[in-house]
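Engineer: coords below, sequence missing:
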């Protein structure tokens with residue numbers, strides 16, 4: 001889909017785009033210029049069904065007037081206030097509101113500006129907790145293969161996506177659990193796969209190798225998103241929780257993608273019945289309108305860190321824009337939409353229709369797996385000989401030309417539509433995708 005800009009053709013040279021093949025893109029740019037509800041509009045005027053919630057973040061749909069109005073009011077009331085040794089009412093209001101939907105016990109909130117910052121914050125909190133308790137030797141971190149935890153050096157180090165790691169130096173003292181990905185046993189699972197809970201036992205091996213007394217935290221995504229939507233095997237997360245408890249290790253869930261309704265509850269930890277000690281969020285926190293993240297912390301962890309001499313800073317960490325008042329206003333408006341429209345329960349209700357529609361593509365050419373949970377889905381394709389990722393990219397481009405936005409992770413097509421999607425729009429999405437897949441060699 002080549003963009004038609006008329007007489008207003010922008011210069012593409014200055015913007016070094018993230019996670020993009022820049023030269024390829026700028027030779028044939030794909031631009032989105034407007035958005036409303038379930039749809040984008042491309043530069044050539046074509047309507048594009050949003051099959052990815054932007055980038056996993058526009059959970060309540062695009063162009064919500066309530067959010068824009070809340071942001072405008074806040075800009076004219078208090079556009080910015082420092083949060084270092086100062087505060088503002090809306091920050092405390094938003095934090096309190098978030099605790100009302102959080103998993104039980106996670107009632108302390110540290111604000112950041114992104115998922116990457118949330119992860120690095122969570123890792124620091126874990127280390128600070130052990131140090132405050134007199135176990136400062138607990139500095140090792142355990143991530144997981146195929147995990148994605150943002151692009152800060154902490155998140156990069158605990159992450160397990162090879163291409164993200166190989167170009168940069170990573171932190172020492174980090175190890176990884178094996179991925180739960182198991183195509184041979186779990187292909188075409190509907191919801192949580194039945195096989196693989198035993199892979200959590202690899203944590204016992206890492207504990208034996210490093211010593212429990214050296215390990216601060218284990219961090220996993222409840223559903224690995226950027227690796228291509230990998231739901232956890234039945235019982236896997238509970239087994240991780242039990243092992244961490246037995247060895248005094250903190251468990252961190254990265255819910256940047258799964259948070260705020262994506263799997264049919266406010267958070268995946270609630271949907272799956274396993275509560276972490278620390279939980280990272282962003283994306284759906286503000287519906288993608290303004291960058292913001294939030295780290296939810298168990299009160300006992302918070303209280304262990306926030307102690308010491310009166311007047312002394314307990315945790316030497318934070319960001320200029322932590323708890324930005326305009327982002328808080330957006331977030332409060334988003335929470336009101338989630339509650340008023342009961343969007344989390346709506347996901348649980350519509351998920352079976354989503355599942356059936358996705359698995360209806362099983363017979364499409366090159367499809368070797370389909371995975372789903374909540375309103376997340378993935379269609380994995382056989383890689384083309386000598387050109388891994390080529391089919392996935394062709395589907396991405398072909399779908400856009402046909403009026404559908406998808407994500408391509410290698411040869412896996414990832415889907416995460418806004419939570420407001422209707423059955424008719426689900427049928428349209430899978431219809432377009434099926435047609436594109438049929439034309440891919």
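Structural biologist: In hand now; what should we look at? This is a predicted model, so every value here is computed, not measured.
Engineer: got a pLDDT number for residue 42?
Structural biologist: Residue 42 carries a pLDDT score of 95 in this model.
Engineer: list phi and psi for it.
Structural biologist: With angles defined as degrees, to the nearest 10, residue 42 sits at phi -80, psi 170.
Engineer: how near is it to residue 60?
Structural biologist: In this view, residue 42 and residue 60 are 22 Å apart by C-beta to C-beta, to the nearest Å. The C-beta positions use only the backbone N, C-alpha and C, and glycine is treated the same way.
Engineer: so for these two, which residue has more residues nearby?
Structural biologist: residue 60 (26 against 20; other C-beta atoms under 10 Å).
Engineer: need the contact list for that one.
Structural biologist: 287, 334, 337, 338, 341, 343, 418, 419, 420 (C-beta atoms under 8 Å, 6 or more residues apart in numbering).
Engineer: of these, select the buried ones using a PyMOL command.
Structural biologist: To isolate the buried ones among these in PyMOL, judged by 16 or more other C-beta atoms under 10 Å, type:
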select buried, resi 287+334+337+338+343+418+419+420
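Engineer: filter the contacts of residue 60 down to the ones in helices?
Structural biologist: Among the contacts of residue 60, the subset assigned to helices under DSSP state H consists of 334, 337, 338, 343.
Engineer: how close does the third one get to residue 159?
Structural biologist: The reference is to residue 338. 28 Å.
Engineer: and the strands in the stretch 101-250 of the chain?
Structural biologist: 108-112, 140-144, 174-177, 215-220, 250-254 (DSSP state E, counting those that start in this stretch).
Engineer: which one of those is the most hemmed in?
Structural biologist: strand 250-254 (a mean of 29; mean count of other C-beta atoms under 10 Å).
Engineer: which residues sit against the helix or strand just after that strand?
Structural biologist: Counting by DSSP states H and E, the element after strand 250-254 in chain order, helix or strand, is helix 268-272. The contact list for helix 268-272 (C-beta under 8 Å, 6+ apart) reads 103, 192, 222-223, 232, 237, 253, 255, 258-259, 262-265, 275-276, 279, 374.
Engineer: can you check stretch 420-432 too?
Structural biologist: Contacts to stretch 420-432, defined as C-beta under 8 Å, 6+ apart, come from residues 37-38, 49, 51, 60-61, 341, 343, 346, 350, 353-354, 357-358, 360-361, 375, 399, 402-404, 415, 417.
Engineer: can we see that at 7 Å?
Structural biologist: By C-beta atoms under 7 Å, 6 or more residues apart in numbering, the residues outside stretch 420-432 that reach it are 38, 49, 51, 60-61, 353-354, 357-358, 360-361, 399, 402-404, 417.
Engineer: dump the residue contacts of the residue nearest the centre of the chain.
Structural biologist: Per C-alpha atoms, centre = their mean, the C-alpha nearest to the average position across the chain is that of residue 257, at 2.1 Å. By C-beta under 7 Å, 6+ apart, the contact set of residue 257 is 56, 221, 225, 283.
Engineer: got the phi and psi for it?
Structural biologist: The phi/psi pair for residue 257 (degrees, to the nearest 10) is phi -90, psi -40.
Engineer: roughly how far does it sit from residue 16?
Structural biologist: In terms of C-beta to C-beta, residue 257 sits 25 Å off from residue 16.
Engineer: right, and residue 379 touches residue 368 too?
Structural biologist: No - if you go by C-beta atoms under 7 Å, residue 379 and residue 368 don't touch, sitting 9.1 Å apart.
Engineer: out of the two, which sits in the busier spot?
Structural biologist: More neighbours surround residue 379 than the other of residue 379 and residue 368, with 30 against 15 (other C-beta under 10 Å).
Engineer: closest to residue 149 out of the contacts of residue 60?
Structural biologist: Proximity of those to residue 149 (C-beta to C-beta) peaks at residue 287, which lies at 21.9 Å.
Engineer: how about the nearest residue to residue 181, chain neighbours excluded?
Structural biologist: Excluding the flanking residues, the one nearest residue 181 by C-beta to C-beta, 6 or more residues apart in numbering is residue 230, at 5.5 Å.
Engineer: just give the number of residues close to that neighbour.
Structural biologist: With other C-beta under 10 Å as criterion, residue 230 counts 26.
Engineer: just to check, it is in contact with residue 178?
Structural biologist: No - using C-beta under 7 Å, residue 230 makes no contact with residue 178, being 12.0 Å away.
Engineer: can you name the residues that contact residue 262?
Structural biologist: Neighbours of residue 262 in contact, by C-beta under 7 Å, 6+ apart: 59, 284, 374, 375, 376, 416.
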